[in-house]
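>>> here's my sequence, what's the structure:
(one chain, ligands or ions: 1)
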Amino acid sequence: MDLRTRYLGLELKHPLIASAGPLSRTLDGIRRLEDGNAAAIVLFSLFEEQIRQEQAVVEQLTAEGTESFPEALSYFPALAEYAVGSDAYLNLIRSAAEAVSVPIIGSLNGVTNAGWIDYARAIEEAGAAALELNVFHIPTDLETTGAEVEQRYLDVLAAVKLAVRIPVAIKLNPYFSAFGSMAKRLALAGADGLVLFNRFYQPDIALDSLTVAPTLELSRANEIRLPLLWLALLHGRLDVSLAATSGVEHASEVIKYLLAGADVVMTTSALLRAGPQHMADLLRGLVRWLAERGHPSVAAIRGTMSQAHVANPAAFERANYIRILQSV
Ligand SMILES: Cc1cc2nc3c(=O)[nH]c(=O)nc-3n(C[C@H](O)[C@H](O)[C@H](O)COP(=O)(O)O)c2cc1C
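As a prediction, this is how the structure comes out:
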């Protein structure tokens, strides 16, 4: 069975990737993901706030130092020369790139352009095969317009693309008023891949303590539908790799994502629930399904259920919505 897959220009042995999450926080965890048979591993994100917090600590320490020893000012190199915050992350990329044979994809969650550029470069230099940008921005201020939010994504991507040579994917949320147009603009701005979709971790209210409670529930299979829809709509229409993320529990979600047109399928929740070796179960299920139907490769099914290829393209559109409502 030929499972080979191309993603962001990388040759992968199959289409299953470990998405950014806690399992890649240590070298041991990364090794276990490789042993579980991940074809590539996206590391957990390096968050700009995390780096800035640590920079602030260094600034404070160095300021204290310079106050107590004014003559020692010259001891302190410019802050940029400290590899603060990102040190552990970059070291992990370096050791992972040596320790495992599958591509390591760095992940960066930034806010300011400077943060994105500096750390994108550092991640490339540390040996990442590619970079995933995780733009998690909620415009809460009531003044920022949709156009400004979209521009921020495009600016971040353009800045990072100028700074690095490795392929760059961008992980997106679905909350754009015209997601297709946004995807196209990102592709034209040089994105090598789109990762659909980031899950938003929406806070809840704890009624007993009357506090705003952070929530994190692992995903379930019914969450594949929104990414599935957009993958099916975008497949074959943009010059970018498409990655599916959200809701993979069993091989059936993997197969559906591939049929819709995903180049690769990512998973985190299922691996947190069942352990990294669950990746091998997903792969076995995919191989069995392909073999039972006589498909020689993953490529043979990819996108065959995309909007461009299905017998009834309107099934992905408004006409289907009306039919569903009428059928209830
Ligand atoms: C505990 C946890 C930590 C995560 N950390 C990150 C992260 O650091 N960066 C990121 O881009 N996504 C992160 N994610 C999101 C996952 O990469 C993934 O996109 C999301 O969970 C949907 O996929 P799933 O349904 O397979 O879990 C995290 C998810 C979980 C559950």
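
>>> C-alpha only now, for contacts and for neighbours.
Noted.

>>> what does the chain have sitting close to the ligand?
Counting by C-alpha under 6 Å from any ligand atom, the chain comes close to the ligand at 19-22, 44-45, 134, 198-199, 218-219, 245-248, 267-269.

>>> of the residues you listed, grab the buried ones for PyMOL.
This is the PyMOL syntax for the buried subset of the residues of the chain next to the ligand, where burial follows 16 or more other C-alpha atoms under 10 Å:
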select buried, resi 19+20+21+44+45+134+198+199+219+245+246+247+248+267+268+269
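
>>> out of the residues of the chain next to the ligand, which are inside strands?
Asn134, Thr245, Thr267 (DSSP state E).

>>> the second one reaches Ala270, doesn't it?
No. Taking contacts as C-alpha atoms under 8 Å, Thr245 lies outside contact range of Ala270: 11.4 Å.

>>> nearest to the ligand, of the ones in strands among the residues of the chain next to the ligand?
Nearest to the ligand out of those is Thr267 (C-alpha to the nearest ligand atom; 3.4 Å).

>>> ok, that closest one touching Pro22?
No. Using C-alpha under 8 Å, Thr267 makes no contact with Pro22, being 11.8 Å away.

>>> quick one: the strands in the stretch 151-300 of the chain?
Taking DSSP state E, counting those that start in this stretch, the strands of the stretch 151-300 of the chain run over residues 168-172, 193-196, 204-206, 211-213, 241-245, 264-267.

>>> and the second one, what other elements does it pack with?
Strand 193-196 makes packing contacts with strand 168-172, helix 225-234, strand 241-245 when contacts are defined by 3 or more C-alpha pairs under 8 Å, 6 or more residues apart in numbering; DSSP states H and E.

>>> looking at those, which is buried most?
Mean neighbours per residue, mean count of other C-alpha atoms under 10 Å, is largest over those for strand 241-245, with a mean of 27.

>>> now do that strand: distance to the chain's middle.
On the basis of C-alpha atoms, centre = their mean, to the nearest Å, strand 241-245 sits 9 Å off its chain's mean C-alpha point.

>>> note down every partner strand of that strand and its orientation.
Strand 241-245 pairs in its sheet with strand 193-196 (parallel), strand 264-267 (parallel), by DSSP bridges.

>>> out of the ones you listed, which is closest to Leu286?
Among the strands paired with strand 241-245, the nearest to Leu286 by C-alpha to C-alpha is strand 264-267 (11.5 Å).

>>> one step back: okay, the strands of the stretch 151-300 of the chain in JSON lines with mean pLDDT next?
Formatted as JSON lines, those follow (pLDDT from 0 to 100):
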{"stretch": "strand 168-172", "mean pLDDT": "97"}
{"stretch": "strand 193-196", "mean pLDDT": "98"}
{"stretch": "strand 204-206", "mean pLDDT": "91"}
{"stretch": "strand 211-213", "mean pLDDT": "90"}
{"stretch": "strand 241-245", "mean pLDDT": "98"}
{"stretch": "strand 264-267", "mean pLDDT": "98"}
